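Enquirer: sequence and predicted structure are below.
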Amino acid sequence: MIMFRRPTIRRKLILVLFIAALLAFAAASAAFVLFERFTLESRARQVMAPYAQLVSVGAEAAVAFEDSARAQEILDTLRANPQILEAWINLEDGRVLSRYSIRPFTKMAIPLAKSDGVYVQMDRNAVVLVQNLQNGAYLYLAMNLDEINRQTRATLLVFAAGMAVLLGSVTLGVLAALQQAIVRPISTLAGTVEQVRSRADYHQRVPTTGTDEVARLGESFNAMMGAIQKHEDAQRHHKEQLEETVQQRTAELRMARDQAEAASQAKSTFLANMSHELRTPLNGILGYAQILQQDQRLDERQREGVNVIWQSGEHLLMLINDILDLSKIEAGKMELVLVDIELASFLNTIVQMINVKAAQKGLDFVCEVAPDVPRSIHVDGKRLRQVLLNLLSNAVKFTNCGQVMLRVRFTPPDRLRFEVQDTGVGIDANQLDLIFQPFEQVGNVQHRLGGTGLGLTISRQYVRLMGGDIHVQSRPGQGSTFWFELAVPAVEVVTAVSLARTVIGYNGPRKKILVVDDVAENRTVASGMLKLLGFEVVEATNGREAVELAQSLRPHLILIDSAMPEMDGMEAVRRLRRLPAFQDVPIIAASASISASDSEKCLEAGMNAFLTKPIDMGKLLSQMVTLLPLDWIYDSGTQSTSNPEVVEPVVMPPVEELKILYRLARLGNMQEILARTAYLTELDQRYGPFASQLRLLAKGYQSKALLSLVEQCLHSDSLFRQG
């Protein structure tokens with residue numbers, strides 16, 4: 001690759017001066033040549049005039065007497081000069097008197113003139129001189145121009161050499177002057193600019209002398225560098241101040257972050273400790289409440305008291321969970337647990353809980369479920385239940401008369417809309433955003449009592465975590481409407497519809513269970529639950545004791561606390577799992593912690609299931625039946641879940657009653673349908689099984705299934721078979 005050097009000002013000036021010198025030399029040479037050409041006649045005359053004068057004087061007598069011999073003698077004297085090519089003497093009448101020539105005779109190319117003068121014969125490189133003689137005769141003298149031309153070339157060479165020396169000297173002088181006045185200052189300026197560019201050194205300056213344009217350019221450059229340097233110094237000073245400020249702020253932020261992390265850690269530790277400390281007595285309260293609920297010796301008043309204890313404990317547990325969930329949400333650690341739920345059964349549980357609260361205040365509670373809602377959905381059922389319970393509980397709390405309504409609508413392909421409407425006190429417009437703030441409660445003092453102010457805050461966070469948001473419309477004195485929409489996929493879940501029954505025991509050989517907990521109350525509650533069902537229970541106070549008792553007693557199942565002194569539950573399980581005899585023994589963890597990490601650690605340690613305290617007896621029995629081959633005995637008799645249900649024959653009511661039910665089903669009025677089923681049972685005991693089916697569907701708000709059942713009855717032949 002050919003690399004070209006960048007042209008500099010010095011090279012450009014040399015090139016310009018060289019071209020100018022060449023042009024000047026060419027012009028001078030051309031002028032000299034023209035001068036020589038124009039002065040050729042006079043120079044030729046100077047050379048030839050003496051010879052012409054000599055011939056004219058000597059030839060006067062010969063011309064007068066027309067003496068050719070004499071005239072020839074005179075012409076022959078010209079041989080002394082080899083430049084003389086030829087000479088003629090012509091008489092007046094044109095006759096040649098005599099002729100001399102050193103070249104062959106030829107007619108002279110130039111017409112013979114009769115006037116004096118010098119005539120240049122350029123094609124033959126010769127010049128002819130004509131001079132008048134006496135008696136009208138003429139002398140023609142031709143001379144070779146070689147000598148004159150040689151002299152001219154010599155003179156030209158001398159002139160050219162002189163001109164070259166002169167022009168070279170002038171060029172070098174001009175170049176030196178330009179170098180000093182222009183090139184050097186500009187080169188210095190260019191070098192300084194390059195230093196500034198490459199090193200960002202704004203202290204560079206160029207020397208300036210004179211007042212010409214180059215000097216003014218240098219002064220402008222120096223002034224610019226001064227301004228830039230001043231600006232850079234100010235920027236540098238500002239940067240140093242800014243860096244110092246940033247370092248101070250960073251140190252402050254780091255300190256604040258450390259303090260916040262320490263506070264967060266302290267809060268987490270406090271909440272974890274408080275959760276553990278609160279769940280321990282709650283485990284006793286709720287545990288014994290569950291045990292007493294199964295005691296058939298309690299009368300109605302005592303059973304209501306136990307239910308109050310249970311509900312109060314559940315409310316306190318919900319408050320604890322709200323505080324812990326808010327802490328998780330703030331820390332960004334809340335995660336959804338998606339499961340398949342049957343929507344009708346899910347809503348039925350919520351309706352039963354809210355019905356009690358609404359009835360206590362004399363309110364009507366209505367649940368409207370669109371007939372096209374999916375039968376089962378995939379969602380975090382626990383979070384969705386808590387959101388709906390919070391919204392419905394608030395609606396009941398802030399409504400003194402009228403009704404509370406829950407509507408569920410479906411928008412294909414997968415959107416469910418939940419709407420809670422009440423006829424309560426309403427909310428001012430300026431308080432609509434405030435109600436979602438933590439620990440904020442609006443309304444009068446009476447309505448503020450009995451809550452933590454976390455329900456709506458946590459509910460909105462849950463709904464946002466599930467991909468939606470809670471909206472509200474309200475008018476003071478007219479009521480409020482809260483609603484949210486969720487995208488939940490419909491799923492097919494096969495469920496067996498059966499009446500709820502209480503487990504009172506199990507068939508088969510007795511099972512031995514080891515209960516491990518360092519808190520005596522917790523051991524007593526768990527043992528009481530299990531002994532009530534006929535299990536043999538052995539208790540241990542820590543992990544080390546549990547390992548020893550397990551090896552000697554060989555229990556069928558172990559219920560163990562995860563956090564205990566001396567040796568915790570996870571370490572005890574790890575040691576047991578290393579023993580061949582305990583690799584397949586079912587082990588259930590019971591912990592006051594509800595964090596997902598604790599659950600994962602327990603499962604990784606070798607436990608089969610995880611339960612949170614307070615222990616729910618239903619969940620405990622559900623886990624046990626999946627881990628042990630148990631055949632439950634229910635309170636209705638000794639019938640087990642493995643035996644088929646005894647189905648009573650279904651007798652249809654009259655067509656008129658079916659039409660009434662069909663109209664109510666079309667309206668979705670589940671309360672009227674429930675009232676109608678009671679009427680059918682009173683009308684005839686044989687309609688009881690049919691009424692039970694309707695009651696089950698109406699309580700589950702399965703409007704679509706209920707409408708389909710009544711339609712099938714209306715179009716069946718059994719309409720006319722009244723038993």
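Expert: That came through fine.

Enquirer: which helix or strand lies directly C-terminal to the helix or strand of the chain with the lowest mean pLDDT?
Expert: None of the helices or strands of the chain scores lower by mean pLDDT, DSSP states H and E than helix 445-448, at a mean of 45. Once the chain leaves helix 445-448, the next helix or strand it forms, by DSSP states H and E, is helix 455-465.

Enquirer: strands paired with whatever helix or strand comes next after that following helix, and their directions?
Expert: For helix 455-465, the succeeding helix or strand toward the C-terminus, using DSSP H and E, is strand 471-475. When sheet partners are counted by DSSP bridges, strand 471-475 sits next to strand 479-487 (antiparallel).

Enquirer: buried ones in the partner strand, by neighbour count?
Expert: G479, S480, T481, F482, W483, F484, E485, L486 (16 or more other Cβ atoms under 10 Å). Glycine gets a C-beta too; all of them are placed from N, C-alpha and C.

Enquirer: ok, which pair from the residues you listed is furthest apart?
Expert: G479 and L486 (23.6 Å; Cβ to Cβ).

Enquirer: now for A24, how many residues are close by?
Expert: Here the number of neighbours of A24 (other Cβ atoms under 10 Å) works out to 15.

Enquirer: same check on Y506?
Expert: Neighbours of Y506 using other Cβ under 10 Å come to 21.

Enquirer: helix or strand for R99, which one?
Expert: Here R99, judged by DSSP H and E, is contained in strand 96-101.

Enquirer: show me what that strand is packed against.
Expert: When contacts are defined as 3 or more Cβ pairs under 8 Å, 6 or more residues apart in numbering; DSSP states H and E, strand 96-101 sits against helix 60-64, helix 68-76, strand 84-90.

Enquirer: and it, how far out from the chain's middle?
Expert: Taking Cα atoms, centre = their mean, to the nearest Å, one finds strand 96-101 lying 116 Å from the centre of the chain it belongs to.

Enquirer: same question, stretch 162-175
Expert: Distance, stretch centre to chain centre, for stretch 162-175: 72 Å (Cα atoms, centre = their mean).

Enquirer: for it, what is the average pLDDT?
Expert: When pLDDT is averaged along stretch 162-175, the result is 75.

Enquirer: now stretch 492-501
Expert: Across stretch 492-501, the average pLDDT comes to 48.

Enquirer: do stretch 551-569 as well
Expert: On average, stretch 551-569 scores 91.

Enquirer: so which bits of that stretch are buried?
Expert: For stretch 551-569, by 16+ other Cβ under 10 Å, it's P555, H556, L557, I558, L559, I560, D561, S562, A563, M564, D568, G569.

Enquirer: ok, of the residues you listed, which one's closest to D518?
Expert: D518 has its nearest neighbour among the buried residues of stretch 551-569 in M564, at 4.4 Å by Cβ to Cβ.

Enquirer: out of the helices and strands packed on strand 96-101, deepest packed?
Expert: Here the criterion is mean neighbour count by mean count of other Cβ atoms under 10 Å, and of these the winner is strand 84-90, at a mean of 22.

Enquirer: and that strand, what does it pack onto?
Expert: helix 40-58, helix 68-76, strand 96-101, strand 138-144.

Enquirer: change it to 10 Å
Expert: Secondary-structure packing of strand 84-90 (3 or more Cβ pairs under 10 Å, 6 or more residues apart in numbering; DSSP states H and E): helix 40-58, helix 60-64, helix 68-76, strand 96-101, strand 126-132, strand 138-144.

Enquirer: ends of stretch 662-677, what's the gap?
Expert: Stretch 662-677 has its terminal residues 13 Å apart, counting by Cα to Cα, to the nearest Å.

Enquirer: mean confidence (pLDDT) on that stretch, please.
Expert: 81.

Enquirer: using TSV, lay out the helices and strands packed on strand 84-90 together with distance to E672 and mean pLDDT.
Expert: Putting the helices and strands packed on strand 84-90 into TSV (distance: least, Cβ to Cβ, whole Å; pLDDT from 0 to 100) gives the following:
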stretch	distance to E672	mean pLDDT
helix 40-58	144	76
helix 60-64	172	79
helix 68-76	167	83
strand 96-101	160	84
strand 126-132	150	78
strand 138-144	152	80
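
Enquirer: so which of the ones you listed gets nearest L533?
Expert: helix 40-58 (150.3 Å).

Enquirer: in TSV, list the helices and strands packed on strand 96-101 along with distance to Y462.
Expert: Shown next, in TSV, are the helices and strands packed on strand 96-101 (distance: least, Cβ to Cβ, whole Å):
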stretch	distance to Y462
helix 60-64	150
helix 68-76	144
strand 84-90	132
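
Enquirer: closest one to I14 among the ones you listed?
Expert: Comparing these by their distance to I14 (Cβ to Cβ), the top pick is strand 84-90, with 51.0 Å.

Enquirer: dump the closest one to PDB, keeping only the CA atoms.
Expert: Taking Å, rounded to 0.1, in the frame of the first residue of the first chain, the C-alpha atoms of strand 84-90 are listed here in PDB:
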ATOM      1  CA  ILE A  84      29.600  35.200 -47.400                       C
ATOM      2  CA  LEU A  85      27.600  32.700 -49.500                       C
ATOM      3  CA  GLU A  86      27.300  34.600 -52.700                       C
ATOM      4  CA  ALA A  87      27.300  38.100 -54.200                       C
ATOM      5  CA  TRP A  88      25.900  39.600 -57.400                       C
ATOM      6  CA  ILE A  89      26.300  42.900 -59.200                       C
ATOM      7  CA  ASN A  90      23.400  43.600 -61.500                       C
END
